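*Asks:* Quick one, fold the following:
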Amino acid sequence: MEGRTENSDEEIKRLQRGMNDLVSLLALPAMWSVDDSSQIGRTLRDVLLSMLNLDLVYVRLNNSAGAKPAEMVGIAPPSTLAVPPQEISDTLKRWMGDDPQKWHPLVRNLLGHGDISIVPLSIGLQCELGVIVVASRRLDFPDQVERLLLDVAKNQAAIGLREARLLSEQKRIADELDRRVVQRTRELAAVNEELKKEIIERKTAEEELRRSETFLAEAQRLSSTGNFSWRLDTDEIAFSDELSRIFEFDRDTPVTLERIAARVHPDDIPLLTEKIEQARRTDANVNYEIRLRMADGAVKYLHTITYRTRDLVDRSEIIGAVRDVSQRRLAEDALGKARSELAHMARVTSLGALTASIAHEVNQPLTGIVTNASTCLRMLAADPPNVEGACETARRTIRDGHRASEVITRLRALFGKKNATAEVVDLNDATREVIALLLNGLQKDRVILRPELADDLPPVTGDRVQLQQVVLNLILNASDSMSGVDDRPRQLVIRTERDEDDHVRLTVQDAGVGFDPQGVERLFEAFYTTKSGGMGIGLSVSRSIIESHHGRLWAASNDGPGATFSFSLPSRHGRLADGQNLGAIRGPSVTDAERAMRNVSW
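*Replies:* The predicted model follows:
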């Protein structure tokens, strides 16, 4: 039974790793530049090599213009293969051949000094876009999960490469059409006597143009991308068929700025106005996202890119491409919800470590309530009754009741499930609240707590509970790292200070066992832990929270024993200077018990 449980745990961990890898692969398009296909190849090579612990990854990307394909080879370090990367590339090309139909799904092949399992993957139909070859010395490679991840990886690469090709072709066609039309117009002005011949040539070009437009319309339909032109002097606007479909406009009705604004989500009208004015006054490209609210109440998310050019009569004109990214946004929202659920699970996991502190925090005021109530009864039973003393004792009873209520309220805020909210947060006050919850447990574990909280610390903007969760995780980790230390004081320093570039920094420094500097980044991987009873999600969730607040979280080894974990966040002043949307903001609340914590000598 115990063996089956261990196998089940391993299977769960393997599936969890697979889910994390799947999320990472689905997030790859956000990292890719749409005009750099080689970046897609390099990223895919490096991610697969690391994610699946492969020995070799070979990527070949075909060039749509007929140029030489781009080839990339990645070998797992330290390399034990006896041949250079170029020879590996040549060997694979000879082995694969030119016909993808003849490829085998799994081949045992001699490469270097041993057998290796090789899996070829076609990017696009008939290797239209390229090929990926992955190899591993493991005899069971690939398993079912690895095969799924490889299929997702090649599909993501195909989508990214097709998008890059489509956008490149669209710009090429637009540039080519502009060049040819201008050339013909100048020839008409210079050589009037060749007018008839030029008319024939123009008609020929317009046959070609219709074919190009047909191809472009199909490409736009497949990629949910439309385009438009906007003449600045007359405000004349022309939509492509796909863009009219995205906006759900009748093609027979003229497109105007007012009609566009009526379709835009009311909350995004200020952004649209700003971008329109920016396009009028500058030649720089404009890149932004905006929402539409359709007639049935549905919301669409659009990504718009525009650039300024001049038409045939030298008038300023804006050319733009608009892509419907609603599906991508829905996926991002789902990912954010999953991340929020994981963060809540991490908070609940920490609840066990706080049990003693919670009991101490609640028992103190409850004991006071019982004692005061007994004293009050004795005073009232005296002859004559001590009414004044009884009233004072009753007031102390009410005070202790409030203290107990505040503890419960603080715990419900920290461990309850709620949506993230942006508010003005005093990082010192938030840290003191966490210390108040942990103090009893830290003292029980013989931890010497030394807060060094800056007096002039500016506030930050963010979710108070999420930031307190990060501080909680860092303090608990620091305390755990010193649980076996007996040859030196178990000193824990919590420091806040101003950081460069209008940022605020919080540091937690311990005197524990530390960590291997070579594996510092592994500490922040999901489900990686150095503790026997840990889940390995605390630091991963903490980094995700800090990055969602536009900050960064890192770790470093101390000069002596122990380690230091720090995070840096932009101050509220810095966020306002950048013009970032702060959302719903409410001021921090400080209870009487928390104010008393500020006067405690540690």
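*Asks:* mind listing the strands for the stretch 201-350 of the chain?
*Replies:* 225-231, 236-239, 286-293, 299-310, 316-324 (DSSP state E, counting those that start in this stretch).
*Asks:* Just send the ones you listed back as TSV, with mean pLDDT too.
*Replies:* Converted to TSV, those look like this (pLDDT from 0 to 100):
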stretch	mean pLDDT
strand 225-231	84
strand 236-239	87
strand 286-293	87
strand 299-310	86
strand 316-324	86
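*Asks:* so which of the ones you listed comes closest to residue 488?
*Replies:* Closest approach to residue 488 among those is made by strand 286-293 (53.6 Å; Cβ to Cβ). Every C-beta, even on glycine, is put in place using the N, C-alpha and C of the backbone.
*Asks:* Can you list the neighbours in contact with that closest one?
*Replies:* 246-247, 263-268, 271-272, 275, 278-279, 299-307, 325 (Cβ atoms under 8 Å, 6 or more residues apart in numbering).
*Asks:* isn't residue 285 right next to residue 309, touching?
*Replies:* No: using Cβ atoms under 8 Å, residue 285 makes no contact with residue 309, being 11.1 Å away.
*Asks:* now for the strands of the stretch 201-350 of the chain, which one comes closest to residue 495?
*Replies:* strand 286-293 (38.7 Å).
*Asks:* Taking strand 316-324 as reference, get the angle to the closest one.
*Replies:* If you take axes from the mean of the first three to the mean of the last three Cα atoms, to 10 degrees, strand 286-293 sits at 50 degrees to strand 316-324.
*Asks:* how many neighbours does residue 51 have?
*Replies:* By the measure other Cβ atoms under 10 Å, the count of residues near residue 51 is 18.
*Asks:* Helices of the stretch 101-250 of the chain, start to end?
*Replies:* According to DSSP state H, counting those that start in this stretch, the stretch 101-250 of the chain carries its helices in the segments 144-190, 195-223, 241-247.
*Asks:* May I see the ones you listed arranged in JSON lines, with distance to residue 462 as well?
*Replies:* Output for the helices of the stretch 101-250 of the chain, formatted as JSON lines (distance: least, Cβ to Cβ, whole Å):
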{"stretch": "helix 144-190", "distance to residue 462": "32"}
{"stretch": "helix 195-223", "distance to residue 462": "36"}
{"stretch": "helix 241-247", "distance to residue 462": "35"}
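*Asks:* Serialize those to JSON lines and add fields for distance to residue 504 and mean neighbour count.
*Replies:* As requested, those are exported to JSON lines (distance: least, Cβ to Cβ, whole Å; neighbours: other Cβ atoms under 10 Å):
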{"stretch": "helix 144-190", "distance to residue 504": "37", "mean neighbour count": "16"}
{"stretch": "helix 195-223", "distance to residue 504": "43", "mean neighbour count": "13"}
{"stretch": "helix 241-247", "distance to residue 504": "42", "mean neighbour count": "19"}
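*Asks:* Of all those helices, which one is nearest residue 471?
*Replies:* Between residue 471 and those, the tightest spacing by Cβ to Cβ is seen for helix 144-190, at 35.2 Å.
*Asks:* rewinding a little: where among the helices of the stretch 101-250 of the chain is average confidence lowest?
*Replies:* Mean pLDDT is lowest for helix 195-223 out of the helices of the stretch 101-250 of the chain, coming in at a mean of 69.
*Asks:* for stretch 485-502, how far is the first residue from the last?
*Replies:* Taking Cα to Cα, to the nearest Å, the first and last residues of stretch 485-502 lie 37 Å apart.
*Asks:* Give me the buried positions along that stretch.
*Replies:* 485, 490-497, 499, 502 (16 or more other Cβ atoms under 10 Å).
*Asks:* Now render those as CSV, adding distance to residue 469, pLDDT and secondary structure.
*Replies:* Conversion of the buried residues of stretch 485-502 to CSV gives the following (distance: Cβ to Cβ, whole Å; pLDDT from 0 to 100; DSSP: H, G, I helix; E, B strand; the rest coil):
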residue, distance to residue 469, pLDDT, secondary structure
485, 26, 87, coil
490, 23, 91, coil
491, 24, 93, strand
492, 18, 94, strand
493, 20, 94, strand
494, 15, 95, strand
495, 19, 94, strand
496, 17, 94, strand
497, 21, 94, strand
499, 21, 90, strand
502, 24, 89, coil
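*Asks:* Just give me the closest of the residues you listed to residue 185.
*Replies:* Checking these one by one against residue 185 (Cβ to Cβ), the nearest turns out to be residue 502, at 53.1 Å.
*Asks:* Backbone dihedrals for the closest one, both of them.
*Replies:* Phi and psi for residue 502, reported as degrees, to the nearest 10, are phi 60, psi 40.
*Asks:* With residue 53 instead?
*Replies:* Main-chain torsions, residue 53, degrees, to the nearest 10: phi 50, psi 50.
*Asks:* That one: neighbour count?
*Replies:* Residue 53 has 12 neighbours, counted by other Cβ under 10 Å.
*Asks:* now residue 119
*Replies:* Residues near residue 119, counting by other Cβ under 10 Å, number 20.
*Asks:* my guess is it meets residue 131, correct?
*Replies:* No: counting by Cβ under 8 Å, residue 131 is not a contact partner of residue 119; they are 11.1 Å apart.
*Asks:* and residue 149, what does it touch?
*Replies:* So residue 149 contacts 18, 21-22, 25, 51-52 (Cβ under 8 Å, 6+ apart).
*Asks:* how about a cut-off of 7 Å?
*Replies:* Going by Cβ atoms under 7 Å, 6 or more residues apart in numbering, residue 149 touches 18, 21-22, 25, 52.
*Asks:* one step back: mind checking which of residue 285 and residue 309 has more residues around it?
*Replies:* Applying other Cβ under 10 Å to residue 285 and residue 309 shows that residue 309 carries more neighbours, namely 14 against 11.
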